[in-house]
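dropping the sequence and predicted coords here.
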Amino acid sequence: MPSIFQRLFAPSDPRDAMRTLYNAIVAEGRQPHWYVKGQVPDTMDGRFDMIVAILAQALMRLEALGAAQESVWLTELFVDDMDGQLRQEGIGDVVVGKHIGRMVSALGGRLAAYRAALSGEADLGEADLGEAIARNLYRGEAPSADALAHVESHLRSRWVRLGCVSRDALMAGDLG
């Protein structure tokens with residue numbers, strides 16, 4: 001058990017302020033409805049893709065709130081979590097970095113796709129969210145129309161609700 005002096009004088013991790021939000025993102029990404037009604041593949045890749053979809057929305061909201069540093073910390077928590085997951089699955093030190101690089105690249109690509117679809121950037125509009133979801137959550141496998149509609153409506157609704165969430169509420173884990 002750490003002494004009182006260790007607890008008082010230990011350097012604090014500034015990313016701790018984002019842990020509640022990150023935990024809320026992961027918990028939301030693990031909700032059964034995504035995998036049952038939404039038919040997102042219940043695999044490691046499918047769970048990664050679902051968490052990234054929700055993470056992307058949180059990062060976009062932080063960006064809109066001018067919370068650039070908080071966005072960096074949230075991304076760092078994601079990277080640390082993915083690193084731990086890979087190591088837990090037995091991926092060796094030699095290749096973990098390559099896997100993490102691909103995951104961060106995937107996050108960047110999905111963030112761009114969801115940003116464009118949800119904000120209307122680059123002449124993309126609402127109709128393109130379904131395409132972005134099909135490409136990124138189902139990895140090109142055509143989901144049923146009902147499954148796609150389920151995921152799209154839930155992600156779109158969250159995006160609308162996130163637009164009303166304050167910085168403090170978001171950091172406290174309120175995803176709308």
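It's in.

can you pull the contacts of the residue nearest the centre of the chain?
Central residue of the chain (C-alpha atoms, centre = their mean): residue 55, 2.0 Å from the mean position. Residues near residue 55 by C-beta atoms under 8 Å, 6 or more residues apart in numbering: 25, 29, 74, 78, 107. Backbone N, C-alpha and C define where each C-beta goes, glycine included.

where does this protein dip in pLDDT?
In the predicted model of the chain, residues 1-11, 87, 92, 94, 120-127 satisfy pLDDT under 70.

for it, longest helix please?
In the chain, taking DSSP state H as the definition, the longest helix is helix 93-119.

and the angle for the helix or strand just after that one with helix 93-119?
Per DSSP states H and E, the first helix or strand lying C-terminal to helix 93-119 is helix 127-137. Here helix 127-137 runs at an angle of 170 degrees relative to helix 93-119 (axes from the mean of the first three to the mean of the last three C-alpha atoms, to 10 degrees).

can you show me the CA trace of the next helix or strand after helix 127-137 as PDB?
Counting by DSSP H and E, the next helix or strand C-terminal to helix 127-137 is helix 145-162. What follows is helix 145-162 as a C-alpha-only set of coordinates in PDB (Å, rounded to 0.1, in the frame of the first residue of the first chain):
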ATOM      1  CA  ALA A 145     -30.600  -2.800 -44.500                       C
ATOM      2  CA  ASP A 146     -32.100  -3.000 -41.000                       C
ATOM      3  CA  ALA A 147     -28.700  -3.500 -39.400                       C
ATOM      4  CA  LEU A 148     -27.200  -0.500 -41.200                       C
ATOM      5  CA  ALA A 149     -30.200   1.600 -40.400                       C
ATOM      6  CA  HIS A 150     -29.900   0.700 -36.700                       C
ATOM      7  CA  VAL A 151     -26.200   1.600 -36.500                       C
ATOM      8  CA  GLU A 152     -26.600   4.800 -38.600                       C
ATOM      9  CA  SER A 153     -29.600   6.100 -36.600                       C
ATOM     10  CA  HIS A 154     -27.900   5.500 -33.300                       C
ATOM     11  CA  LEU A 155     -24.600   7.100 -34.400                       C
ATOM     12  CA  ARG A 156     -26.500  10.000 -36.000                       C
ATOM     13  CA  SER A 157     -28.600  10.500 -32.900                       C
ATOM     14  CA  ARG A 158     -25.500  10.500 -30.700                       C
ATOM     15  CA  TRP A 159     -23.900  13.100 -32.900                       C
ATOM     16  CA  VAL A 160     -26.900  15.400 -32.500                       C
ATOM     17  CA  ARG A 161     -27.000  14.900 -28.700                       C
ATOM     18  CA  LEU A 162     -23.200  15.400 -28.400                       C
END
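
that'll do, ta.
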